[in-house]
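Enquirer: Sequence and predicted structure below; questions after.
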Amino acid sequence: MSQSQPRLKTSAMIASIADEGQATVPAPFGVALSKLARSARKSSA
């Protein structure tokens, strides 16, 4: 039985520091927070 490398994982909060070439996935909660922040900024202007 051959040993495979462990699958690397990062959380959405630290995906910006993932190694180059490391697979990442979109974070729906983060996208929703960004949209909420943009809309709050527009409504307070």
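Expert: Sure, I can see it.
Enquirer: Please put the alpha-carbon coordinates of stretch 31-43 into PDB.
Expert: What follows is stretch 31-43, C-alpha atoms only, in PDB (Å, rounded to 0.1, in the frame of the first residue of the first chain):
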ATOM      1  CA  VAL A  31     -19.400  36.400  -0.700                       C
ATOM      2  CA  ALA A  32     -22.600  37.100   1.200                       C
ATOM      3  CA  LEU A  33     -20.700  39.200   3.700                       C
ATOM      4  CA  SER A  34     -19.000  41.200   1.000                       C
ATOM      5  CA  LYS A  35     -22.300  41.900  -0.700                       C
ATOM      6  CA  LEU A  36     -23.800  42.900   2.600                       C
ATOM      7  CA  ALA A  37     -20.900  45.300   3.400                       C
ATOM      8  CA  ARG A  38     -21.200  46.900  -0.100                       C
ATOM      9  CA  SER A  39     -24.900  47.400   0.300                       C
ATOM     10  CA  ALA A  40     -24.500  48.800   3.800                       C
ATOM     11  CA  ARG A  41     -21.800  51.200   2.600                       C
ATOM     12  CA  LYS A  42     -24.100  52.400  -0.300                       C
ATOM     13  CA  SER A  43     -27.100  53.000   2.000                       C
END
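Enquirer: Can we start the residue count at 52 from this point?
Expert: I'll keep to 52 as the first residue from here, and by that count the last item is stretch 82-94.
Enquirer: Name the residues of that stretch that come out as buried.
Expert: Buried positions in stretch 82-94, judged by neighbour count with 16 or more other Cβ atoms under 10 Å: none. No exception for glycine: its C-beta is placed from N, CA and C like everyone else's.
Enquirer: Return the distance of that stretch from the chain's centre.
Expert: Remark: stretch 82-94 is offset 17 Å from the chain centroid, using Cα atoms, centre = their mean, to the nearest Å.
Enquirer: what pLDDT, on average, does that stretch get?
Expert: On average, the pLDDT along stretch 82-94 is 87.
Enquirer: Now name the helix or strand holding Ala83.
Expert: helix 79-95 (DSSP states H and E).
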